[in-house]
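Student: Fold the following.
(one chain, ligands or ions: 1)
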Amino acid sequence: MSIHKQKVRRVTTHVLSEMKLRGEKIAMLTSYDYSMATIVDSAGIDIVLVGDSASNVMAGHETTLPITLNHMIYHGASVRRAVNRALIVVDLPFGTYQGNSKEALNSAIRIMKEARVDAVKLEGGREILESVNRILSAGIPVMGHLGLTPQSIHKFGTYAVRAKEQDEAEKLKEDAKLLEEAGCFAVVLEKIPADLAREVAEDLTIPVIGIGAGSGVDGQVLVLHDMLGITQEFSPRFLRRYHNLFAEIKGAVSSYINDVKTLDFPNEREQY
Ligand code: KIV
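Tutor: Below is the predicted model:
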């Protein structure tokens, strides 16, 4: 019997571009902690996103704005300890890259050094290009994020579908091209018309990952807590729920409470 463990082929940015070339779709999900990331990675996910949606689903904030760089590093490092195969991307949180490119680089370096993940994600196009370039020049892989960019929610005022109008669609296409030319390895398109997303995916050579952007892109991403049905109120049309984990966990907790109160737990076999 061989004592050598079978080596897993880690997903790299190069593997992702090969997947786009051969038309294999990329599956991406968020994770923020060790236990969930262990499950998600063992199921064979290609990319784990340590999203700033942690601000909503882990910390209970209404927006992604309050989460800090230290919080993101904590979540990223927890996920790193769990993941063997997937590529791990961590969001640069609001306020850590928009101000100036030196601060952006320092933020990205802290994430790479302290969380030891594979890449960072930034929201925006032309307006953050200097930051993107500076991070890339340090050899840190960057994923872009266009369309609905939740860190700008106070500018948009709503989580409605973006880029429905011609001028916004043109700007999005231009921004996507700029990000590709700068050297980003992939771009997320959030909540935009499916035809526009398809056009961008066909135009770019780097993978385009959609969320609420239809099926014509190179891969899909969802927030884990949404697709598992842990979050209850968030129900956009693009969200497919694969489970109602809220109800399942609540049922299990209710059974436990009942067992404790009725002296059913622990029984003789469950004690020393
Ligand atoms: O933070 C996040 O979860 C994200 C995804 C919605 C793409 O950025």
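Student: okay, CA-based contacts and neighbour counts for the rest of this
Tutor: Noted.
Student: Residue 187 in helix, strand or coil?
Tutor: strand (DSSP: H, G, I helix; E, B strand; the rest coil).
Student: Excluding sequence neighbours, find me the nearest residue to it.
Tutor: Nearest residue to residue 187 in three dimensions, chain neighbours excluded: residue 144, at 4.4 Å (C-alpha to C-alpha, 6 or more residues apart in numbering).
Student: so that neighbour is in which element?
Tutor: strand 142-147 (DSSP states H and E).
Student: average pLDDT for that strand?
Tutor: Per-region confidence: strand 142-147 scores 98 on mean pLDDT.
Student: In its sheet, which strands sit next to it, and in what direction?
Tutor: Neighbouring strands of strand 142-147 in its sheet, by DSSP bridges, are strand 119-121 (parallel), strand 186-190 (parallel).
Student: Of all those, which one is nearest the ligand?
Tutor: Set against the ligand and scored by C-alpha to the nearest ligand atom, the strands paired with strand 142-147 come closest in strand 186-190, at 6.4 Å.
Student: who's in contact with the next helix or strand after that closest one?
Tutor: Counting by DSSP H and E, the next helix or strand C-terminal to strand 186-190 is helix 194-203. Residues from elsewhere that reach helix 194-203 (C-alpha atoms under 8 Å, 6 or more residues apart in numbering): 169, 173, 176, 189, 207-208, 210, 212-218.
Student: tell me which residues in helix 194-203 are buried?
Tutor: Using 16 or more other C-alpha atoms under 10 Å as the test for burial, helix 194-203 gives 194, 196, 197, 198, 200, 201.
Student: Could you do stretch 59-75 as well?
Tutor: 63, 64, 65, 66, 67, 68, 69, 72, 73, 74, 75.
Student: a markdown table for these, including distance to residue 52 and secondary structure?
Tutor: Listed next are the buried residues of stretch 59-75 as a markdown table, based on distance: C-alpha to C-alpha, whole Å; DSSP: H, G, I helix; E, B strand; the rest coil:
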| residue | distance to residue 52 | secondary structure |
| --- | --- | --- |
| 63 | 9 | coil |
| 64 | 6 | coil |
| 65 | 8 | coil |
| 66 | 9 | coil |
| 67 | 7 | coil |
| 68 | 9 | coil |
| 69 | 10 | helix |
| 72 | 7 | helix |
| 73 | 11 | helix |
| 74 | 12 | helix |
| 75 | 10 | helix |
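Student: okay, now the closest residue to the ligand within the stretch 101-250 of the chain: neighbour count?
Tutor: Relative to the ligand, the nearest point of the stretch 101-250 of the chain is residue 223 (5.3 Å; C-alpha to the nearest ligand atom). When neighbours are counted by other C-alpha atoms under 10 Å, residue 223 registers 20.
Student: what residues are up against it?
Tutor: Contacts of residue 223 (C-alpha under 8 Å, 6+ apart): 29, 30, 31, 53.
Student: Closest one of those to the ligand?
Tutor: For the contacts of residue 223, the nearest to the ligand is residue 53 (3.8 Å; C-alpha to the nearest ligand atom).
Student: The closest one: neighbouring residues, count only.
Tutor: Count around residue 53 with other C-alpha under 10 Å applied: 27.
Student: what's the spacing between the nearest residue to it once chain neighbours are set aside and the ligand?
Tutor: Residue nearest to residue 53 in three dimensions, not counting chain neighbours: residue 64, with 5.8 Å by C-alpha to C-alpha, 6+ apart. Computed as C-alpha to the nearest ligand atom, to the nearest Å, the residue 64 to the ligand distance reads 8 Å.
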